[in-house]
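Engineer: only the shape, not the letters, is given here:
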Ligand code: SAM
């Protein structure tokens, strides 16, 4: 296979910053990402942002089927060439943000997501799968190192936040590898990491996903305030009612939301649900 840089040049391709076009070319890294994503001959992969198709090709070499969504039509001739030997890979030239996820799931059945996207899109994308997907077994994404820390953070650390708690309710996030900026073409100005979020285990059960989401939002509403104050403000509770909830959780009155583990947040959301919060 022709070097990807030569292929891009031969097609007159110019990189667009707004689409976060930093491509991976290192064969060992590409193989490693496929293996991190847990892809085998039975797997259907949903890839978002195939770029020049280097990762797509590595995925298609292992998976049953790869369906990829690429926003940039200019990559059509490049992808036609990089994927020529892979009839099990299909690229759809669409902005993934506009894709109807339930309809796509009806078409794909069970699947895993693999994505190396512009960083500003990755967190909303991960949240979408965590909160809305029904048939997704895992999400493997390349993110900026700081974002990787946030996805996998422990309660009480500065990196822990609403995103961490949302992910932890649905699955387990772990950093599978660090990726230095030198492995991208063109080279970005940050280092990255691959994070795998395993969604196959069912996560922490809650009585209402909506109330859990609202509880998380409340817990991180104002990091300077106590959880008791945030509960009073969000759910219009008296101080006594808020204190009662915290004592049922065995959490002190002065506790701050960011010290609660996802399990404690789930319990709090169930207690709020039982009190009639919807
Ligand atoms: N996966 C390739 C790789 O690893 O070499 C390319 C990665 S590059 C960081 C991101 C790719 O996502 C680009 O090809 C870009 O055009 C595409 N992209 C950006 N926003 C997108 C969106 N909303 N929907 C689909 N593709 C998108």
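Structural biologist: Ah, there it is. Everything numeric here is computed off the predicted structure, so don't read it as measured data.

Engineer: go ahead and confirm residue 53 touches residue 82.
Structural biologist: Yes. Between residue 53 and residue 82 a contact is recorded at 3.5 Å, counting by Cβ atoms under 8 Å. Every C-beta, even on glycine, is put in place using the N, C-alpha and C of the backbone.

Engineer: higher neighbour count, the two?
Structural biologist: Set residue 53 next to residue 82 and count neighbours by other Cβ atoms under 10 Å: residue 53 wins out with 28 against 23.

Engineer: would you map the helices across the chain?
Structural biologist: Under the criterion DSSP state H, helices of the chain are mapped to 4-10, 27-36, 54-60, 76-82, 101-108, 119-132, 145-152, 162-170, 209-219, 227-235, 239-248, 262-274.

Engineer: I'd like to know which of those helices is closest to residue 94.
Structural biologist: helix 101-108 (10.6 Å; Cβ to Cβ).

Engineer: so that closest one, near the ligand or not?
Structural biologist: No. Taking Cβ under 6 Å from any ligand atom as the criterion, helix 101-108 and the ligand are apart, separated by no less than 12.9 Å.

Engineer: quick one: that helix to chain centroid distance?
Structural biologist: On the basis of Cα atoms, centre = their mean, to the nearest Å, helix 101-108 sits 18 Å off its chain's mean C-alpha point.

Engineer: find the nearest non-adjacent residue to the residue of the stretch 151-278 of the chain found nearest the ligand, please.
Structural biologist: At 7.6 Å from the ligand, residue 184 is the closest residue in the stretch 151-278 of the chain, using Cβ to the nearest ligand atom. Excluding its sequence neighbours, the residue lying closest to residue 184 (Cβ to Cβ, 6 or more residues apart in numbering) is residue 22, at 4.1 Å.

Engineer: who touches the one you found in this structure?
Structural biologist: Residues near residue 22 by Cβ atoms under 8 Å, 6 or more residues apart in numbering: 15, 184, 185, 186, 187, 188.

Engineer: of those, keep whichever come out buried.
Structural biologist: 184, 185, 188 (16 or more other Cβ atoms under 10 Å).

Engineer: need the contact list for the last one.
Structural biologist: Contacts here follow Cβ under 8 Å, 6+ apart; on that basis residue 188 touches 22, 181.

Engineer: low-confidence ranges, the protein, go.
Structural biologist: Residues of the chain meeting the criterion pLDDT under 70: 1-2.

Engineer: near the ligand, which residues of it?
Structural biologist: Neighbours of the ligand within the chain, by Cβ under 6 Å from any ligand atom: 19-24, 48-51, 54-55, 69-72, 95-97, 116-118, 121.

Engineer: which ones among the residues you listed are found in strands?
Structural biologist: 23, 24, 48, 69, 116 (DSSP state E).

Engineer: most neighbours among these, which one?
Structural biologist: Going by other Cβ under 10 Å, residue 116 tops those with 26 neighbours.

Engineer: in the sheet, who's paired with the closest residue to that residue other than its chain neighbours?
Structural biologist: The spatially closest residue to residue 116, leaving aside those adjacent along the chain, is residue 142, at 4.0 Å (Cβ to Cβ, 6+ apart). On the basis of DSSP bridges, residue 142 is bridged to residue 116, residue 194.

Engineer: and what of residue 46?
Structural biologist: Beta bridges link residue 46 to residue 67, residue 113 when assigned by DSSP bridges.

Engineer: how near is the residue in the chain sticking out farthest from the centre to residue 246?
Structural biologist: Centroid-distance maximum for the chain: residue 240 at 38.0 Å, with Cα atoms, centre = their mean. From residue 240 across to residue 246, the span is 11 Å (Cβ to Cβ, to the nearest Å).

Engineer: ok, residue 27 next?
Structural biologist: For residue 27, the distance to residue 246 - Cβ to Cβ - is 53 Å.
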